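K.L.:
Sequence and predicted structure are below.
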Amino acid sequence: MNNSDVADRTQSWTASDLLATLRYWRVCGIDRLTGEQFGFAPVVEPKATVPIPIPTPPPPSLERLISEPVPLVARESWIAGLAQEISSCQQCRLSQTRNQTVMGVGALDAPVVWIGDAPQEEEERTGEPFAGEARAIFQGMVRAVGLDRNAVYLTNIIKCRPPGDRTPKPDEILHCQPFLFRQLELIRPKAIFVMGKVAIDCLLGPVKQVGQARGKVHFWRGVAVVASYHPVYCLRTPSSKRMVWEDLLLMQKTLEQDLQGCASI
Ligand code: SF4
């Protein structure tokens, strides 16, 4: 008698059937039975626990990259690489007339990045944005909001001086814009103060005039942006200083509240 024979026969047995059969098998010399012989499922030993592999995290998305500040040491080396790239850039006609590029200057962990339009003669000569009288006005603006002038970063949307200090052309802005965006993503400031219509157009999209963008907080990839007049305009139009003062107060409030928005641009 094999195991399957016994199992087939025992499927519908009652207790008295079973007892009688056991006695019979005992007489026949069968003194040991297993559960399988009665059609019971064999006891399955639990398998050893196999460790669940920890999935490799996906590469960081742009959203995550821009929400997690890059360590300062990495910023320094990346900015140095970017400076090299800019200094050899020939993507637009301004590369033919420039004497040197003007990338930006300041602290790479600055809470505020100040953005103007394009370097002019004096800025190209010194290699730093906001030179001469415009620099003096700018420094007054920085002090007005209680910031250390060594703890800010200044840059322009265009890195080469347009000939005769003319307004940069749309295609020049388009070619140079990615450099500015990379700077901003590396520095990842708490706020951006963008000055003048050309710079506002580049960062926030076209506006008819500066006044259209003033008086509210915009967001560029989640960073708060306050728009105002360029220091050079303040030199030519003293009445604009009061409005710039209001814009600075708005930015100060923005910094205090540490506003963070969605990526609206
Ligand atoms: S303005 Fe900008 S895009 Fe044009 S050559 Fe200079 S760095 Fe390159």
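P.N.:
Yes, it's here.
K.L.:
and the protein, which of its residues are near the ligand?
P.N.:
Within the chain, the positions adjacent to the ligand are 86, 89-92, 94-95, 101, 158-160, 172, 175-176 by CB under 6 Å from any ligand atom. Where C-beta positions appear, they are placed from N, C-alpha and C, glycine not excepted.
K.L.:
can I assume Ile192 sits in a strand?
P.N.:
Yes - under DSSP: H, G, I helix; E, B strand; the rest coil, Ile192 falls within a strand.
K.L.:
ok, now which ones touch it?
P.N.:
The contact partners of Ile192, taken as CB atoms under 8 Å, 6 or more residues apart in numbering, are Val112, Val113, Trp114, Ile115, Leu184, Leu203, Trp220, Val223, Ala224, Val225, Val226.
K.L.:
how many other residues sit next to the closest residue to Asp258 other than its chain neighbours?
P.N.:
In space, Asp258 comes closest to Lys190 once its chain neighbours are excluded; the distance is 6.3 Å by CB to CB, 6 or more residues apart in numbering. Close neighbours of Lys190, defined as other CB atoms under 10 Å, add up to 17.
K.L.:
Help me confirm that Lys190 comes into contact with Val113.
P.N.:
No - the pair Lys190 and Val113 does not pass the contact test of CB atoms under 8 Å, sitting 9.4 Å apart.
K.L.:
picking that back up, of the contacts of Ile192, closest to the ligand?
P.N.:
Ile115 (14.2 Å; CB to the nearest ligand atom).
K.L.:
Let me know how buried that closest one is, in neighbour terms.
P.N.:
Ile115, neighbours per other CB under 10 Å, totals 27.
K.L.:
and the helix or strand where it lies, what other elements does it pack with?
P.N.:
Using DSSP states H and E, Ile115 maps to strand 112-116. On a contact count with 3 or more CB pairs under 8 Å, 6 or more residues apart in numbering; DSSP states H and E, strand 112-116 meets helix 132-144, strand 152-156, helix 170-187, strand 191-195, helix 197-204.
K.L.:
what are the pairing partners of the fourth one, and which direction each?
P.N.:
Spelled out, it's strand 191-195. When sheet partners are counted by DSSP bridges, strand 191-195 sits next to strand 112-116 (parallel), strand 223-228 (parallel).
K.L.:
Redo these as CSV? Include mean pLDDT.
P.N.:
Below are the strands paired with strand 191-195 laid out as CSV (pLDDT from 0 to 100):
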stretch, mean pLDDT
strand 112-116, 95
strand 223-228, 96
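K.L.:
helices and strands of this protein: which one bottoms out on pLDDT?
P.N.:
helix 62-67 (a mean of 48; mean pLDDT, DSSP states H and E).
K.L.:
now the angle between strand 152-156 and whichever helix or strand comes after that helix, please.
P.N.:
Later in the chain than helix 62-67, the nearest helix or strand by DSSP H and E is helix 72-87. Counting by axes from the mean of the first three to the mean of the last three CA atoms, to 10 degrees, helix 72-87 lies at 20 degrees to strand 152-156.
K.L.:
who's in contact with helix 72-87?
P.N.:
Here helix 72-87 has contacts from Val70, Gln100, Thr101, Met103, Leu108, Asp109, Lys159, Phe179, Arg182, Gln183, Leu186, Ile187, using CB under 8 Å, 6+ apart.
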